[in-house]
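> make a model of this:
(4 chains, ligands or ions: 4)
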Amino acid sequence: MTPLVTIRNLDKAFPGVQALRQARFELLPGEVHALMGENGAGKSTLMKILAGIYTKDTGEIRVEGIPVDIPTPRAAQDLGISIIHQELNLMNDLTAAQNIFIGREPRRAFGLFLDEEALNRKASAIFERMHLRLDPRVEVGKLTVAKQQMIEIAKALSFRSKVLIMDEPTAALNNAEIAELFRIIRQLKAEGVGIVYISHKMDELKEISDRVTVMRDGEYVGTMPTASTPVDTIISMMVGRSLTETKTEIRDLPQHEVVLEVRNLRRDPAIRDVSFSLRRGEILGFAGLMGAGRTEVARAIFGADPIDGGEIIVRGRPVKIRSPRDAVRLGIGYLSEDRKRFGLATGMDVATNIAMPCLNRFLSLRTFLRLRAIRETSRSYIRQLRIKTPSETQEVRLLSGGNQQKIVIAKWLARDCEILFFDEPTRGIDVGAKNEIYKLLNTLAAQGRAIVMISSELPEILRMSHRIAVMCEGRLTGELPTEGTTQEDIMRLATQRRSVTVAGAAAAARG
Amino acid sequence: AQEAYIPLISKGFQHQFWQAVKAGAEQAAKDYKVRITFEGPDSETMVDKQIDMLSAALAKNPQAIGLAALDSQAAIPLLRKAQAAKIPVIAFDSGVDSDIPLTTAATNNIAAAALAADKMAELIGGEGDIALVVHDQTSRTGIDRRDGFVNRVKEKYPKINIVSIQYGSGDHLKSTEITKSILQANPKLKGIFGANEGSAIGVVNGAREMNRKIVIIGYDSGKQQKQAIQEGLMAGAITQNPVGIGYRTVEAAVKALKGEKLDKVIDTGFYYYDKSNMDDPKISAVLYD
Amino acid sequence: MTTIVEQETPAVIRSHVFSQGTWQKLLAFASLIALMAVFSIASENFLQRDNLIGILQATAVNGVLAVAATFVIITGGIDLSVGTLMTFCAVIAGVVLTYWGLPMPVGIVAAIAAGAVCGSISGTIIAKMKVPPFIATLGMMMLLKGLALVISGTRPIYFNDTPNFPMIAQESLIGTVLPFLPIPNGVLILFVVAIISSIVLTRTALGRYTFALGSNEEAVRLSGVNTDFWKIIVYTVSGAICGIAGLIIASRLNSAQPALGQGYELDAIAAVVIGGTSLSGGRGTILGTIIGALIISVLTNGLRILSVAQEWQTVVTGIIIILAVYADILRRKGQG
Amino acid sequence: MTTIVEQETPAVIRSHVFSQGTWQKLLAFASLIALMAVFSIASENFLQRDNLIGILQATAVNGVLAVAATFVIITGGIDLSVGTLMTFCAVIAGVVLTYWGLPMPVGIVAAIAAGAVCGSISGTIIAKMKVPPFIATLGMMMLLKGLALVISGTRPIYFNDTPNFPMIAQESLIGTVLPFLPIPNGVLILFVVAIISSIVLTRTALGRYTFALGSNEEAVRLSGVNTDFWKIIVYTVSGAICGIAGLIIASRLNSAQPALGQGYELDAIAAVVIGGTSLSGGRGTILGTIIGALIISVLTNGLRILSVAQEWQTVVTGIIIILAVYADILRRKGQG
Ligand SMILES: Nc1ncnc2c1ncn2[C@@H]1O[C@H](COP(=O)(O)OP(=O)(O)OP(=O)(O)O)[C@@H](O)[C@H]1O
Ligand SMILES: Nc1ncnc2c1ncn2[C@@H]1O[C@H](COP(=O)(O)OP(=O)(O)OP(=O)(O)O)[C@@H](O)[C@H]1O
Ligand SMILES: [Mg+2]
Ligand SMILES: [Mg+2]
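Residues are numbered from 1 along each chain as shown, chains lettered A, B, ... in the order given. Ligands and ions are numbered 1, 2, ... in the order given. Presented below is the predicted three-dimensional model:
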């Protein structure tokens, strides 16, 4: 069988970074080939070259045995290669359907006018195939990250290509959606499509892939059949060492004081009457399905969005939080799930981003920046979190996705908040770094900080939390102790919908 | 021998009036075998741009300089510099509050506008509502023509009522719209004075579009204004002698270089012209297209 | 397999969008109606047929320029050259008709073609040389201002030899059919241009890419669309529309005035933004732009009719422009 | 345990960055030097001390305005009101000094304070009312243009009763110390303003937030920074700098000319962008802005010295502005 894609001896350098060194890769028809490696190993770069977004320095790419040149995304499309980008690449002002078919709009007779009905019909058909219920006419900018990710997937599927590259497609998805995606992948596989699958989630790897190629520091390490290779071997190939799992030990918490108490928080329509409390030294896991309202809760408490009602009590004192500034002053920090939009000034350098929330600390005469102190602090976080960057003066947008995430974390560590909301903190982070972050969370908790960890990865929730709060449709449907709780217990609460009948009736009444 | 170089810094260059001044200056340059350049800022408000032009002109080692100062005081420091370098300065179009310029070749805009007011009064029968469309609220020519007109009306024609004075930057279209609004707001309006070429054309256009017969008095000439007078849309207009201003400025500079004594003022004159005297050689000589 | 999204969502969204649309269209006129009401009360001369037609006529040039600017602004760009490009096209028409004595249709085509060519040059500088639109069109503005003077010989060009030329903007086709509604052709042209532009923006590929470019150019490029090409087309179309504006103004003044034009770009851009088009690109409507242009005309006309001193006219205009946009912002916010 | 970051990387990069920095600084001057070389060859009058000082003098006002605009543009905003704000401040100085007869320092403080107040109003409209900067400052531009006329009584105000007033910009402190270098005080003020602004932008919290706002305002807000406050401060500082420009121009003309000012904003913004500051915010330098302002002055002066016909001056200026920015783009690209 001729491989669909063969890449040999590929080099790619960016200013200051050798991203790829003699990289190799091979993809067979009907195969799901996982591409693994730490953050910044060069996975995305390799695939972007294959998709015509970057051009290679040297090396050879063959598609179905024929050497090819892929100068533009269009050339890649013509070769039957399509890609789901790691970072969302959508036109927020356009509708879902318009996004999916941009550049390939169906036309009416004479080809002058666009056929909007056909466009929406075709988009609906794809959504149907994905079992996704979404109005193709909804503006993409108004959707959550997860739904936007689903639209990216729909777009890639719409090409019906021979090679489909998925660069961390599941980073923003929850279990149900991931299962749905896997169903689609298996279907494509049966049709003979070759799929490159990049992910940092080890369990997915085992479930979906046939072979795995590991990269490290831009170099090829090896290719193995997934079934016969233990996960530990893959991990040690990735990081060049073996890792030990951390597990949160559950200390005796009830005697610790309550630092944050939320009573009857409301923000129509996303938050309905949410109450919970958080103790010093505690990690409270927030579980739930897409759109359950966890992000909304965190943002509302943080003052990023106005609330319609409810009380917030910090260290025993009722407070009014009108802006993130109020929150930060009260010692509350929030790591957004959407780092590109809300977490980072990507055009600025690493040091600036890390120092952003606590610039006051780095001032002399309350005016002048103590540049040396900023530099040293950022360097220490770069070391501590193993952020892969040439220096603290590198612009954040040039870093790999996972390393960007680490900078968001560093930023809030530097601010030294007592109460921290981590919204999907390990999204897009490699196993090694994930472990570091888990350790960090534990250390922070042990230091007496109170942490809310929002995560869509149930194993992570189960492994890290002292207590688990589950949300569904803006309501808190239950609180579980970690001890003895299973994924199924959480899912049951996460799908405990109340509004279906009520909302359905209301919709019917409205006509 | 090398030709003497005389830069002329005017108040503008795009308007037909200034183009006519330039033509006169170029004619004199040819006659007296000197080299001139002619430039001015885009609009008559740009006082400091004119100063920069003057400064650049001084850097070119001129033998003499002609200046139509936008602000009579702002140019003085540079004129002192010219004086120190023994470069004679000739003022044109309007004066400079200083004795540095050897002479001033200019129209008396106040008197000219007063003449326009007299003609207006005559044509509307000494009473009724009139309005002004002026090109600029703050420039010397704008102020002089407005005040010359308004003051004469106040002094001599108590029954004439000036209902509106508006400013259109000499932009034909803007002046047209302004005229239309004035006519709309004042159904009994009898006449409008347009204080420069663009304003006057605008008034003519506006009255035509509104289909209103009023007495229009313009200023300067140009093809459209002459045509409007011929067709009877415009009663008449004041003309200065722009070609003469340009010519006499350069001529005075040449004389100064030769060490001749100059009169303090060169009055280039102005005329009121209408259908009846347009073809008079004395008038047609100072009109431009 | 379970689907997660709630059942009712599409229906909710549909009905929501609909009511929003109708509401929004009505409210967009709010500032305009409010202004007109104030002026009608303040002066009996305001709400007369002739004055209203006058307002429409005064909107023609700025309206067409604003439509041209709308295209560019929706792509996230800006066009400072609309005013001088208009003048340049008028001068080209003058050269073709008066200096060369060619027939009127040739002059019309030449003016529009000149606009398209200049637009495509701006577009190329922006798309291919990656010069920011502000600078590319600022440069073009100066270049065209100079060229208009050079070509015309710094003299107005009159259309006296083309007797039908004033017809383009001044006479009234509608008036010959409906004598009580003597709307000048210039206004008619504005509405035709607006309607066609609106169709282009909402129904054609060009329109789709115009919005897409303003929304996320990189994403469009990564989707395999030739973004450079489409950007050049957008500027070309915008330039051609400026050519039409050039014909209207030349016809109205029965001459090409080479010195005119600078300053018109700010009015045009203001109309676009008052009309709710975002300067960061991705959203906007022609209807909004027309309303914006009308707001400016009504304001200018009304203040003049009231004989407000000119310096105060400027002050009031400044304040109203800010308030009109603020009202629009509140309206959007009110609708979520 | 291995660390992943290679040992040599930082060193390699640092030296790279260093050479890049030096190189970049030299190359940024390239267009300026090239222009000056061309003019020196073309005319012997160009490279004379007095002419060079004249060029600097001509840069003073536009340079200070451009510095003011740089602050705003780095936040991703735009300020169309710099020109008329300058005039407004000059008029305020005139009122305080000439009409009220107060001592000179009071006039100076009043002008700068007026600038700061107007700036803070623009800033508030933008930050609190969320009106886009283009519209907010367009409105302010008109408002201030009108107010300057109203306050001055549409007449220039002369500073004849304040004999020291021309000293602010015209005389030469440097010249009294170094007689061969009679650089006027206006130029000195420009350099002082530029140096202080540069320090503010690179070394202070205000500067850091200025860049951050332009880079990703929402992320900054979510970092707990009071973005509205800092935005207002940026506009306030920018306004105060416009006040300084007002003093320079008033001193240079020994009068406050109330009608002047509109059109200056385009020159100022052009200087900023030619200097490499991005209109989309987040990046820019004061050094670049000064170079940009100098490029414009040298070009204008050089073309005048060569006695190029005025209409062609405009054409050439338009082309050179585009090319200067293009050269800057190429330079950056060459350096990755
Ligand atoms: N445009 C660019 N300019 C400069 N450096 C870049 C650029 N894109 C990527 N890099 C660098 O190249 C290296 C490889 O990045 P890449 O995005 O391919 O990593 P990755 O394996 O996809 O990581 P992650 O798992 O975090 O997504 C990183 O060091 C990154 O900083
Ligand atoms: N910007 C927005 N505009 C409109 N609706 C929104 C917006 N952001 C969130 N929502 C809606 O609010 C609800 C809660 O979303 P939220 O992002 O808080 O969920 P979540 O539990 O954090 O899930 P996720 O896994 O997607 O992060 C959802 O119904 C979502 O559609
Ligand atoms: Mg990646
Ligand atoms: Mg979330």
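> show me what from chain A comes close to ligand 1.
Contact residues, chain A versus ligand 1 (Cβ under 6 Å from any ligand atom): A:14, A:17, A:19, A:37, A:39-45, A:86, A:388, A:398-403, A:430. Every C-beta, even on glycine, is put in place using the N, C-alpha and C of the backbone.
> type out the PyMOL command that picks the buried ones from those residues.
Here is the PyMOL command that selects the buried residues among the residues of chain A next to ligand 1 (16 or more other Cβ atoms under 10 Å in any protein chain shown):
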select buried, chain A and resi 17+19+37+39+40+41+42+43+44+45+86+388+398+399+400+401+402+403+430
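> in strands, which of the residues of chain A next to ligand 1 fall?
Judged by DSSP state E, the residues of chain A next to ligand 1 include A:F14, A:V17, A:A19, A:G37 as members of strands.
> distance to A:T393 and pLDDT added to the residues you listed, as JSON lines?
JSON lines is the format used below for those (distance: Cβ to Cβ, whole Å; pLDDT from 0 to 100):
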{"residue": "A:F14", "distance to A:T393": "15", "pLDDT": "88"}
{"residue": "A:V17", "distance to A:T393": "13", "pLDDT": "81"}
{"residue": "A:A19", "distance to A:T393": "18", "pLDDT": "90"}
{"residue": "A:G37", "distance to A:T393": "25", "pLDDT": "89"}
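> and those residues, which two are the farthest apart?
A:F14 and A:G37 (16.7 Å; Cβ to Cβ).
> burial of the residue lying closest to B:Q63 once chain neighbours are set aside, as a residue count?
Spatial nearest neighbour of B:Q63, excluding adjacent residues (Cβ to Cβ, 6 or more residues apart in numbering or on different chains): B:A4 at 4.1 Å. Neighbours of B:A4 under the rule other Cβ atoms under 10 Å in any protein chain shown: 18.
> hmm, who's touching stretch A:11-27?
For stretch A:11-27, the external contacting residues (Cβ atoms under 8 Å, 6 or more residues apart in numbering or on different chains) are A:3-10, A:33, A:35, A:42, A:45-46, A:49, A:54, A:56-59, A:163, A:194, A:196, A:213, A:215, A:217-220, A:223, A:390, A:394, A:398, D:9, D:12-13, D:16, D:335-336.
> now the residue nearest to B:Q63: how far from chain D?
14 Å (Cβ to the nearest Cβ, to the nearest Å).
> so who does that residue touch?
B:A4 neighbours (Cβ under 8 Å, 6+ apart): B:V34, B:R35, B:Q63, B:A64, B:V254, B:L257.
> please pick the buried ones from those.
For the contacts of B:A4, buried by 16+ other Cβ under 10 Å: B:V34, B:Q63, B:A64, B:V254, B:L257.
> just the pLDDT at the residue of the stretch 151-300 of chain A found nearest ligand 2, thanks.
Among all residues of the stretch 151-300 of chain A, A:T295 sits closest to ligand 2, at 3.0 Å; criterion: Cβ to the nearest ligand atom. A:T295 carries a pLDDT value of 92.
> now do A:A508
43.
> same question for C:G21.
For C:G21, pLDDT reads 55.
> let me see the backbone angles for the residue of the stretch 151-300 of chain A closest to ligand 2.
Main-chain torsions, A:T295, degrees, to the nearest 10: phi -60, psi -40.
> which residues touch it?
Taking Cβ under 8 Å, 6+ apart, one finds A:T144, A:E337, A:D423, A:I454 in contact with A:T295.
> just read off the phi/psi values of the last one.
The phi/psi pair for A:I454 (degrees, to the nearest 10) reads phi -90, psi 130.
> these two touch, right, it and A:F286?
Yes: the pair A:I454 and A:F286 passes the contact test of Cβ atoms under 8 Å, sitting 4.3 Å apart.
> give the residues shared as contacts by those two.
Joint contacts of A:I454 and A:F286 (Cβ under 8 Å, 6+ apart) are A:R294, A:A298.
> and the gap between the closest residue to A:D430 other than its chain neighbours and ligand 2?
If the residues on either side of it in the chain are set aside, A:D430 comes closest to A:E38, at 4.4 Å by Cβ to Cβ, 6+ apart. Distance of A:E38 to ligand 2, computed by Cβ to the nearest ligand atom, to the nearest Å: 25 Å.
> that older thread, just give me the closest of the contacts of B:A4 to chain A.
Chain A lies nearest to B:R35 out of the contacts of B:A4, by Cβ to the nearest Cβ, at 53.9 Å.
> show the low-confidence segments of the stretch 201-350 of chain A, by residue range.
A:241-254 (pLDDT under 70).
> which residue does it bring closest to chain D?
The stretch 201-350 of chain A approaches chain D most closely through A:V328 (2.8 Å), counting by Cβ to the nearest Cβ.
> what helix or strand does that residue sit in?
Mapping A:V328 onto the secondary structure by DSSP states H and E places it in helix A:324-329.
> do you know how far the residue nearest to B:E39 when sequence neighbours are not counted is from D:T162?
Excluding the flanking residues, the one nearest B:E39 by Cβ to Cβ, 6+ apart is D:Q310, at 4.9 Å. Here D:Q310 is placed at a distance of 35 Å from D:T162 (Cβ to Cβ, to the nearest Å).
> same deal with C:V106?
62 Å.
> settle it for me: which of the two has more neighbours?
A count of neighbours by other Cβ under 10 Å puts D:T162 above the other of C:V106 and D:T162, at 22 against 13.
> report the two of the contacts of A:T295 separated the most.
It's A:T144 and A:I454 that sit farthest apart of the contacts of A:T295, by Cβ to Cβ, at 12.9 Å.
> and those two? which has more neighbours close in?
A:I454 (25 against 15).
> ok so, going back, which of the contacts of A:T295 sits closest to C:T70?
Each of those was checked against C:T70 using Cβ to Cβ; the closest is A:T144, at 31.2 Å.
> how far away is the closest residue to that closest one other than its chain neighbours from A:R475?
Among residues not flanking A:T144 along the chain, A:G291 sits closest, at 5.9 Å (Cβ to Cβ, 6+ apart). As defined by Cβ to Cβ, A:G291 lies at a distance of 13 Å from A:R475.
> can you check B:Q16 too?
Counting by Cβ to Cβ - B:Q16 and A:R475 are separated by 77 Å.
> looking at the two, which has the bigger crowd around it?
Comparing B:Q16 with A:R475 by other Cβ under 10 Å, the one with more neighbours is B:Q16, at 24 against 19.
> okay but that one is in contact with B:A200, surely?
No: shown here, B:Q16 and B:A200 do not form a contact pair, counting by Cβ under 8 Å, at 11.4 Å.
> any shared contact partners between these two?
Counting by Cβ under 8 Å, 6+ apart, the residues touching both B:Q16 and B:A200 are B:D220.
> what ranges do the helices span in chain B?
B:16-32, B:47-59, B:76-84, B:109-124, B:140-156, B:172-185, B:197-210, B:223-231, B:242-257, B:281-284 (DSSP state H).
> my bad, should have said the stretch 51-200 of chain C
Under the criterion DSSP state H, counting those that start in this stretch, helices of the stretch 51-200 of chain C are mapped to C:82-94, C:104-127, C:133-152, C:173-177, C:185-203.
> which intervals of the stretch 401-511 of chain A have sub-threshold pLDDT?
For the stretch 401-511 of chain A, the ranges with pLDDT under 70 are A:498-511.
> 50 - rerun?
A:499-511 (pLDDT under 50).
> for chain B, same thing?
B:1.
> right, is the helix or strand in which A:A75 is found up against chain C?
Element membership for A:A75 (DSSP H and E) is helix A:73-78. Yes: on the criterion Cβ under 8 Å from any Cβ of the partner chain, helix A:73-78 is in touch with chain C at A:P73, A:R74, A:A76, A:Q77.
> for the closest residue to B:K49 other than its chain neighbours, list the residues it contacts.
Spatial nearest neighbour of B:K49, excluding adjacent residues (Cβ to Cβ, 6+ apart): B:P41 at 4.1 Å. Shown in contact with B:P41 (Cβ under 8 Å, 6+ apart): B:K11, B:G12, B:K49, B:Q50, B:M53, B:L70.
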